[in-house]
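Student: Turn this into a model:
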Amino acid sequence: GFVNRQQAGAAGIEQQYNRFLQGTDGFIDGTRDGVGREIRARRATTADPIDGAHVHLTIDQTLQLKAEQELAEGVAHAQAAGAQVIVQMVKTGEILVMAATPDFDPERYLEVPAVVWRNPNIGQVYDPGSTMKSVIVASALNEGLITPDSVFDVGHGSWHYGGHVLHDKVYGRVDVRTILKKSSNIGAAMIGLLLGNRRMECYLRGFGFGAPLGIDLPGEERGLLSPASRWAMVTPTRIAIGQGISVTALQMLNAYCTIANGGQLMRPYVVRKVVTPRGEIVVENTPRVIGRPIRPEVAAHMRAMLVSVTEEGTGRRAAIAGYPIAGKTGTAQMLQPGGGYSQTDYWASFVGFVPADKPEFGIIVIIDRPRGLRTGGA
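Tutor: Below is the predicted model:
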């Protein structure tokens, strides 16, 4: 965020907490002589200025700096247009890192286009791609429609449904574990059909999609999730693979933190407390559960399956020796201004949590239009 020329907060924390940060001007009610000097003997009233309050963030400065450095290097390596990262405490919803590139110097905000002022982690939506498959699988597990051992015949690379063809790189009869591990498009679509339109919409909203999560920052988008009553025949098969629904990075990360947290959806926040110069706490944020879309035992099954993604599946590059990592990769084509999906521009992402057996941190990384990475359905 930054303070504009009128000395008012105009973005970020400075805007959201402007009334606490701004303070109050002092004044002197008195008399001046002919050359403009105050006649102190005639001073009637004075009031000292009052400093603004101190805003204490949940952001970890060391992690934030490291994340910004890694993002810059990653964007250069991937020849990308930009990138985003969020690190969130699983059990509380506290945000430890929220960074994006391209970035700007808040003291020189007029030197960049206004669009760069936006926080894309909450103010920009994207089609999530395969990271949505975990939400659909968790929903179907919670309904008792499938188990991790349920088997689906995904055919031999293509599937016709609703007048459209869905392609896949997974063949034959595969169980739900493999559908997630190998990121089967057809398998996820079949699970989506089992779930059904109305139930799918309810679970998506239960996981926090389609509405603001209520983070204490300005400019949070709600995402795009149309009512099930308006879906086409093919829609549930496409939402199941992360197309036809648009989300924010924070919404997607929070959904995975819900899986990590035994099914409890937390409200994310970036301000721990606001304290006046006299030491009075005028605002204090504490962890708050805002939903419970899945049961704890379902969340446990999901955590185990998401570990296999990083150990044997599409997310092996996210594995860290000595730490069990749970997560999911995603590659999603970008919508074109005139309609349809681009064949060249896409989002590449990873979202997960660590350590998988006792989750503490949830992490999402999104790369905007990488040119050095391979496209695909993972």
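Student: residues contacting Asn185?
Tutor: By Cβ atoms under 8 Å, 6 or more residues apart in numbering, the contact list for Asn185 reads Ser130, Leu166, His167, Asp168, Val170, Ile241, Gly377. (C-beta placed from N, C-alpha, C; glycine too.)
Student: Quick one: neighbours of the fifth one, just the number.
Tutor: Residues contacting Val170 under the criterion other Cβ atoms under 10 Å number 20.
Student: I'd say it and Ala188 touch.
Tutor: No: applying Cβ atoms under 8 Å as the test, Val170 and Ala188 come out as separate, 10.0 Å apart.
Student: hmm, back to that, write a PyMOL command that selects only the buried members of the contacts of Asn185.
Tutor: This is how PyMOL selects the buried members of these, with burial counted by 16 or more other Cβ atoms under 10 Å:
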select buried, resi 130+166+168+170+241+377
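Student: Mind checking which of the contacts of Asn185 are in strands?
Tutor: Cross-referencing these against strands under DSSP state E gives Leu166, His167.
Student: Check the contacts of Asn185 for the minimum pLDDT and say which it is.
Tutor: Minimum pLDDT for these is recorded at Gly377 (50).
Student: burial measure for Pro337, as a count.
Tutor: Burial of Pro337 is recorded as 7 neighbouring residues (other Cβ under 10 Å).
Student: Test for you: state the pLDDT assigned to it.
Tutor: In this model, Pro337 is scored at 81, pLDDT.
Student: Distance check, it against Asp345.
Tutor: Computed as Cβ to Cβ, to the nearest Å, the Pro337 to Asp345 distance reads 11 Å.
Student: where does the closest residue to Gly123 other than its chain neighbours land on pLDDT?
Tutor: Closest residue to Gly123 apart from its sequence neighbours, by Cβ to Cβ, 6 or more residues apart in numbering: Gly219 at 4.2 Å. As predicted, Gly219 sits at a pLDDT of 94.
Student: So Gly219 is in contact with Asn121, correct?
Tutor: No: taking contacts as Cβ under 8 Å, Gly219 lies outside contact range of Asn121: 10.1 Å.
Student: neighbour-wise, which of these two wins?
Tutor: Taking neighbours as other Cβ under 10 Å, Gly219 and Asn121 compare with Asn121 leading, 24 against 17.
Student: Let me see the residues that make contact with the host helix or strand of that one.
Tutor: Assigned by DSSP states H and E, Asn121 belongs to helix 120-123. Residues from elsewhere that reach helix 120-123 (Cβ under 8 Å, 6+ apart): 82, 84, 86, 98, 100, 215, 217, 219-221, 248-250.
Student: dump the residue contacts of Gln251.
Tutor: By Cβ under 8 Å, 6+ apart, the contact list for Gln251 reads Gly208, Phe209, Leu213, Gly223.
Student: Tell me the secondary structure at it.
Tutor: Using DSSP: H, G, I helix; E, B strand; the rest coil, the structure places Gln251 in helix.
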